[in-house]
Structure formats: structure tokens, C-alpha cells
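J.: dropping a prediction and its sequence here:
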Amino acid sequence: MSNENVQTVLAENFRTIISSLGENPDREGLLDTPKRAAKAMQFLTQGYHQDLESIVNGAIFESDNEEMVLVKNIELYSLCEHHLLPFIGKCHVAYLPAGKVIGLSKIARVVDMFARRLQIQENLTSQIAKAVESVTGARGVGVIIEAKHMCMMMRGVEKQNSVMSTSVMLGDMRKSQATRQEFLMLAKQQN
Ligand SMILES: Nc1nc2c(ncn2[C@@H]2O[C@H](COP(=O)(O)OP(=O)(O)OP(=O)(O)O)[C@@H](O)[C@H]2O)c(=O)[nH]1
Ligand SMILES: [Zn+2]
């Protein structure tokens, strides 16, 4: 289905949702809402139409550096697959290069590519780690995500302060306790 067709189908469904809620989809304020909501949902799930190779766009560079590279505090917006409500937080990604480094912005793009899908935080964390590992050939990769889930805040148990923390360590980052500790310590430090 083309992008426009998907948007039309989504908009029709959003119109049904609005009327099922007892609202009048024909009142002025809501007239364009199905289309807007459809576009917003397409944006928030655009990761399904992206692939690693085009996201990275060849920005892999040779380097002798073997020390840990860490990108901290990457903002993260995703949708939980259970309620379709947002979870919002930050992601820290570290890797141990093995002859190659990746363009800095590309790590954030990889995070977005997987975050803009229907997710649970655990799978999101491991998908990012595996993607960074495969694209850089790194000796080790670590990913930490700390996020607040709207499904726990706005509804359900209504807990406003709980933060879910998930981490995935691969390769040498998993094997070497000292390296893992260094990552965890650097990730925890304020800026
Ligand atoms: N592990 C994990 N659980 C999640 C994530 N996002 C949402 N959940 C949980 O998924 C669970 C779904 O539980 P259900 O009992 O089927 O759904 P529910 O009746 O809406 O649950 P409550 O949220 O407890 O009201 C809830 O415990 C959510 O907190 C996530 O990223 N990871
Ligand atoms: Zn949820």
C-alpha cells in the first residue's frame, strides 16, 4: 500500500475511534483530526520503513582508537506495544571499536529507527545493541535505556516517579567487568 493509502486507512480508523468515544467527528475542532492523527502515527512508526544500511549511509570510518566511545543522553521517544502509549527517556550507547568507528549522529539515528516502532523497552535495548555491533564490528557494545512509561503514569497503576532501566551488554563489554563498570559509571555521571 502506498503511503497515501495507508494514511487514508489510518484516518478512517481514527474517525471511527473518535465517534466510538462518543465525540462528534464532524465538529469543527475535530474535522482534520483523523488525518493529523494518521500522519502523527505514521511519523511515530516510521522506523518500520527504515533499514540500517541507509540510516548509517556509509558513515563508518577507519580508526586506530580502541578505547570506549560513549554517546550519552540520547533522547528517546517510543510507543509501548501493549497500550500504544509513549514511553520517554534517554539512551546511552557505548562501544569498543575494532578498527572502525561510526559517525556520531548515526548512533542517534539507529536509536530512533528502532524507537519509532511499537516496542517493549527490553527489546528496543537489545535491537539497538545488536545493530551497533553489526554495523561497527565492535569488540563490545553496551546500551542502557532509562524511561518513563505513560501507561504506568497516566493510567493503570498511576505511578509518576518510577523509571524503568534496561541494559544490554555484548562481547567484551559483557565479558570484562572493568569495562562494564567504566561504562556504567560514565553513563551515570551528570554530563
Ligand atoms: N516488561 C515491559 N513491560 C511493559 C512495557 N511497557 C508496558 N509494559 C507492561 O505490560 C503489562 C501489560 O499487562 P496487562 O495486564 O496485559 O495489561 P493492563 O491490564 O493494561 O496492565 P496494567 O498496566 O497493570 O493496568 C503492564 O504490566 C505494563 O506495565 C515494557 O516496555 N516492558
Ligand atoms: Zn504500556
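T.: Here it is on my side, so go on. Note that the structure is predicted; figures quoted are calculated from it, not measured. Numbers count the residues shown, from 1 in each chain. Ligands and ions are numbered 1, 2, ... in the order given.
J.: remind me, longest helix of the chain?
T.: Using DSSP state H, we find that the single longest helix of the chain is helix 3-20.
J.: quick one: distance of that one to the chain centre.
T.: 25 Å (CA atoms, centre = their mean, to the nearest Å).
J.: in it, what counts as buried?
T.: Across helix 3-20, burial judged by 16 or more other CB atoms under 10 Å covers 7, 10-11, 14-15, 18. From N, CA and C alone the C-beta is placed, and that goes for glycine too.
J.: with stretch 137-152 instead?
T.: Within stretch 137-152, the residues that count as buried by 16+ other CB under 10 Å are 138-152.
J.: and the chain, what are its domains?
T.: As assigned by automatic domain parsing, the chain contains the domains 3-44, 55-188.
J.: including mean pLDDT, could the ones you listed go into CSV?
T.: Formatted as CSV, the domains of the chain follow (pLDDT from 0 to 100):
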stretch, mean pLDDT
domain 3-44, 97
domain 55-188, 97
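J.: of those domains, flag the one that's most buried.
T.: The highest average neighbour count among the domains of the chain, using mean count of other CB atoms under 10 Å, belongs to domain 55-188 at a mean of 17.
J.: for T33, see how far away N57 is.
T.: N57 sits 35 Å away from T33 when distances are taken as CB to CB, to the nearest Å.
J.: re earlier: okay if I get the domains of the chain as CSV plus distance to ligand 1?
T.: Listed next are the domains of the chain as CSV, based on distance: least, CB to the nearest ligand atom, whole Å:
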stretch, distance to ligand 1
domain 3-44, 15
domain 55-188, 3
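J.: got JSON lines for these, with distance to ligand 2 too?
T.: Below are the domains of the chain laid out as JSON lines (distance: least, CB to the ion, whole Å):
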{"stretch": "domain 3-44", "distance to ligand 2": "14"}
{"stretch": "domain 55-188", "distance to ligand 2": "3"}
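J.: now, among the buried residues of helix 3-20, which is nearest to E158?
T.: Proximity of these to E158 (CB to CB) peaks at I18, which lies at 25.0 Å.
J.: contacting residues around that closest one?
T.: 25, 30, 33-34 (CB atoms under 8 Å, 6 or more residues apart in numbering).
J.: do the same with V9
T.: Applying CB under 8 Å, 6+ apart, the residues near V9 are M1.
J.: all the strands of the chain, in order from the start?
T.: In the chain, the strands defined using DSSP state E lie at 60-62, 69-80, 86-96, 100-102, 118-119, 140-149, 164-171.
J.: what's the fourth one packed up against?
T.: Judged by 3 or more CB pairs under 8 Å, 6 or more residues apart in numbering; DSSP states H and E, the packing partners of strand 100-102 are strand 60-62, helix 121-136.
J.: chain neighbours aside, what residue packs nearest to T8?
T.: A38 (7.8 Å; CB to CB, 6 or more residues apart in numbering).
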